[in-house]
Structures are given as structure tokens and as C-alpha cells.
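[1] Here is a sequence together with a model predicted from it:
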2 protein chains.
Amino acid sequence: MSSLAKRTASHPSDTTGSAHDRVYRALRARIMYGDIAPGEALTLRGIGREYEVSMTPAREALRRLVAEGALSLSSSGRVTTPELSNERIEELAALRALLEVELSSRALPRAHMALIDRLQSINVTIAEMVSKRDAVGYIRTNLEFHRTLYLRAQAPAMLAMAETVWLQLGPTMRALYGRLRRTDPPQNHRLIIAALKAGDEPGLRLAVRSDVTQGLRLLVV
Amino acid sequence: MSSLAKRTASHPSDTTGSAHDRVYRALRARIMYGDIAPGEALTLRGIGREYEVSMTPAREALRRLVAEGALSLSSSGRVTTPELSNERIEELAALRALLEVELSSRALPRAHMALIDRLQSINVTIAEMVSKRDAVGYIRTNLEFHRTLYLRAQAPAMLAMAETVWLQLGPTMRALYGRLRRTDPPQNHRLIIAALKAGDEPGLRLAVRSDVTQGLRLLVV
DNA sequence: GCGCGGCATTTGTGATCACAGCATAGTGCA
DNA sequence: TGCACTATGCTGTGATCACAAATGCCGCGC
């Protein structure tokens, strides 16, 4: 409901590229950052109306997101944002651990001071989001922290897979960060930065695994 | 060329489901099993003519495959099967190792005798494909071996990711198995089966890693 | 023989439409 | 008052068309 209003207001009117791609990017960001609740239905004509395109580009954007696992397709062709089972959440968490530990490990030898500064600055923004109770902003900035680190791994295919997992967890993540009350500082992020500074690979792997796993553990009811 | 003729002849006319899904499944199988050479171009109208559908389902099938990384999209919208760089091949091989070692490890405690028998029988078929010099059949049966094992891991999201990697490597695989001349028995598969029988997890991880990595090493020119 | 410019064809994109299936709300009956 | 059924609207599917851009080809000039 509120997301509908926000959505229309906050459209940056990104007119670059083709229509279906514009719709795709907009929806992808909204899903990955938890702006859409699990179980919400998306219709072709609704999307088309919202982004001022016809059904054709809306359909392409939706099907692409379905192909990436960001949306689920009912047997009758209806598209909704998925409600994940506990087993699926655990599996996706395991995938995050597997992929992101490897990515961080590959990024470690290339981590200069400039990168660490950048990560620390992102951490400050995360703390702001926490204090503002901005769930979407929190998720977005948190993932930006991870992406910034993993970009140094020079492994585009692996990073793409990790982002696909984030996308699948997006709608569920919102439920998580609504649940955690305490204004916790990103403690695991500090451990990650410390391990990067020290060049401590085992420590880095452990810190990344903890950061990725721990939040999602709250989700498993 | 020859694949064009074979394609038309070997269509099992799978009429189940919607048109775009039928086209998608057919193309996906052909790509994954190396029936299409790297760099080959696919056109909307061409696919439509070939599978007797209009441009709309053809476009959906192609875009879905592009979303999964099975096909690459040029800046002008042209769709071709990708020609992978060495870095990309190495990265995908690393992904295969990462995912499939984990999958096999999860499958190990659930591996009954029936599964092992099944794997051995698939191995026999692989040997037949090798002796028949049937590259597509070899790749298909080889992947069936892996899929049969990983299905026991009860990790659908992880298996889907592994299959996505197979899909991305598909067109390149054909070039590989055209290159290896010797009629080698699937030695690593024997090691995998032996480790399964013995319940030897470290041995299993090593055998899977070797099997996945070794073939692709030949590809890196 | 080789390179370059212009044209015809092919290609992807997006809009629109007809149609069939599904969901839901409303109605009638017990 | 409760429930079953029907009908209306809504949804996805696939075909077709108009359009613009890019490709590839052919011939001309050097």
C-alpha cells in the first residue's frame, strides 16, 4: 500500500536503455532491497500502467525476474513475490556462505587501503540507516558493503550468482530486519575489515560466514 | 548446419505446457548438451519458424536463456551462444567445484546402494557414448551422472545453480569433447563411486573436484 | 585487387488485439 | 444464516503489425 505511493513518488525516471530493461532494473532493485513484501502479486497490466509501458515489456521484465528466482510463477501463470520455506531459506543461506566466503577470499590479496576506507564509510551509512529504522535503506547499504568487497575478487560470474541469491532472499529479508529490534552496529562488518587489514584469510572467511549466516538464522521460525 | 537437420528430425514434439516453455526446454537442452556451437546466432523469427510459434514465445524463451547466462545478448539485441574467455571458463570451473563438491558432500549420507547401482549403470552408458564418438550423448550422460548424485542432496536451489553453470558451459563443452581424442573410461567417476561406497567424505570431495576441474583445464588454451 | 559508401533486407522492439482460463463477488436456494 | 453456483471481470498467452536500427551485400571508384 504505502509502497505503491512511495514507488510512484520515488521513480528517478531512468530513461536509459530499452523499456523492458528499465522496468526490469526498477523491479529488481525493489525486490532485492525488500521493498516488496513476500506473497505480493504482480500483474502485467499493473506493471505496465505503473511504468507507462505496454504489456510486452512488462512481461519480459517479469519473466526475467522469474528466471532468476526473484519471483515465483503459479501454475496458472500468476506472478507473485515468493514466500520461502524454512528449508529454502537455510539452503540460500548456505549458498551465500559458500559463494561469499570464496569471493571475499579472492578479494583479500587485492584489498588496498582505499577499499577499506570505502568499506568503513559504508559502515557509517549502515549505522545511520539502523538509527533511522530504514529497513530498505539498511538492506541496500548492507548489500553495497558486500558488493564493494566482492567486486575486488574480479569474478563476475561468481558475483552474479551471489546477487541472484540476494535477489531471491530480498522479500524475505524485509521481514527479518523488521523483526530485529536492537540498533546493533554492524559488528561482523568490523571483523571483516579487521581481517582485511591484517591479511588474515581464515579470520576473513569466518567473519564473512558469520555475517551472512547469523542474520538469516533469525528468519527460520 | 548438420545440427539444423538433426534438430528438425529429432524433435520429440513435446507439446506439454505453453509454447514459450516448450521452446525454452528444447533450446535449453540443446545448449546444455553442446548441440550448438559457440558464436552461433539465434534469431526470433528463425526460432519461431523452427518451432512453429510466433515471435512472442520465441522471444520469451530466448530472453529467459539470456537471463540464465546460457546465451549472450549483443548491444544491438542480437542473441548468440557465447564464446567464453579463458578467465570466464576458469571462473565457471571454480563455481562447478564449489557447488558440486558441496552437493556431493550433502548427498553422501543419503547415498543408498540403489543410487550407486544407478550411477554405475550410467557410467556404462558413458563408456558407450565415448566409443561411439557421440559428443552430445557423452555430455548429456555425463551430466546425468552428476545430476543423479546431486538430487540426493535435497538442495534444489543449489542444484539449480549448478545446472545454470552447466548451461553456461554447454556450447564450450562441445569444443572440449571434440578435442579429447582418447577413449578414456570415466576414471574419476569410478573414484566418486568408490568414495560413496566407503562413506569417505574427503575422498568424495577430492574426486568430484578432480572430475569437474580436470576436463575444463583442457579448454584453457 | 582492395576498400568504401549506399541500399535492400533482416532484425529486435513495443503496441494492440482476440481468446481462454481463473478468481472472486454476487445471487439464489435450502 | 449458511452454502453452492453462476456470471462478470481480470489475467496471462500468443499472434500480428508498424517502426527504427543495424547488418550485410553489391557495386563503384581508386
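    Looks like it arrived, so ask away. Numbers count the residues shown, from 1 in each chain, chains lettered A, B, ... in the order given.
[2] can you give me the helices in chain A?
    A:2-9, A:19-32, A:44-51, A:55-67, A:86-107, A:113-132, A:135-151, A:156-179, A:187-198, A:201-217 (DSSP state H).
[3] what about those helices, which gets the closest to DNA strand D?
    helix A:44-51 (3.4 Å; Cβ to the nearest atom of the strand). Every residue, glycine included, has its C-beta placed from N, CA and C.
[4] Is the closest one positioned near DNA strand D?
    Yes. With Cβ under 7 Å from any atom of the strand as the measure, helix A:44-51 is seen reaching DNA strand D through A:44-46.
[5] Contacts for that helix, please.
    A:7-8, A:19, A:22-23, A:26-27, A:53-55, A:57-59, A:61-62 (Cβ atoms under 8 Å, 6 or more residues apart in numbering or on different chains).
[6] next one: that helix to chain centre, how far?
    23 Å (Cα atoms, centre = their mean, to the nearest Å).
[7] Now do the buried residues in it.
    By neighbour count on 16 or more other Cβ atoms under 10 Å in any protein chain shown, the buried set for helix A:44-51 is A:44, A:47-48, A:50-51.
[8] still on that earlier bit, which two of the contacts of helix A:44-51 have the greatest separation?
    Within the contacts of helix A:44-51, A:Thr8 and A:Arg59 form the most distant pair, 21.0 Å apart (Cβ to Cβ).
[9] quick one, which of those two is more surrounded?
    Counting neighbours by other Cβ atoms under 10 Å in any protein chain shown for A:Thr8 and for A:Arg59 shows that A:Arg59 has the greater number, 22 against 9.
[10] For the closest residue to A:Leu159 other than its chain neighbours, list the residues it contacts.
    Closest residue to A:Leu159 apart from its sequence neighbours, by Cβ to Cβ, 6 or more residues apart in numbering or on different chains: A:Tyr150 at 5.2 Å. Residues in contact with A:Tyr150 (Cβ under 8 Å, 6+ apart) are A:100, A:103-104, A:107, A:158-159, A:162.
[11] Can you read off the pLDDT for the closest residue to chain B within chain A?
    Nearest residue of chain A to chain B: A:Ala67, at 4.1 Å (Cβ to the nearest Cβ). Looking at A:Ala67, its pLDDT reads 94.
[12] Just give the closest residue to it, not the sequence neighbours.
    Nearest residue to A:Ala67, sequence neighbours excluded (Cβ to Cβ, 6+ apart): B:Ala67, at 4.1 Å.
[13] Kindly report the residues of chain A close to DNA strand C.
    Residues of chain A lying near DNA strand C (Cβ under 7 Å from any atom of the strand): A:18-21, A:53-57, A:60, A:76.
[14] filter these to the buried ones?
    Buried among the residues of chain A next to DNA strand C by 16+ other Cβ under 10 Å: A:19-20, A:53, A:57, A:60.
[15] Would you reformat those residues as JSON lines and include distance to chain B and pLDDT?
    Output for those, formatted as JSON lines (distance: Cβ to the nearest Cβ, whole Å; pLDDT from 0 to 100):
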{"residue": "A:Ala19", "distance to chain B": "13", "pLDDT": "91"}
{"residue": "A:His20", "distance to chain B": "8", "pLDDT": "94"}
{"residue": "A:Val53", "distance to chain B": "15", "pLDDT": "95"}
{"residue": "A:Pro57", "distance to chain B": "11", "pLDDT": "96"}
{"residue": "A:Glu60", "distance to chain B": "6", "pLDDT": "95"}
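[16] and those, which two are the farthest apart?
    A:Val53 and A:Glu60 (9.8 Å).
[17] Can you work out which residues contact both of those two?
    Joint contacts of A:Val53 and A:Glu60 (Cβ under 8 Å, 6+ apart) are A:20, A:23.
[18] and the residue lying closest to A:Arg30 once chain neighbours are set aside, how many neighbours does it have?
    Leaving aside its chain neighbours, A:Arg30 sits nearest to A:Ile36 (5.6 Å; criterion: Cβ to Cβ, 6+ apart). Neighbour count for A:Ile36, taken as other Cβ under 10 Å: 21.
[19] show me what contacts A:Ile36?
    A:Ile36 sits in contact with A:3, A:30, A:81, A:170-171, A:174, where contact means Cβ under 8 Å, 6+ apart.
[20] which residues of chain A score low on pLDDT?
    A:1-14, A:178-185, A:219-221 (pLDDT under 70).
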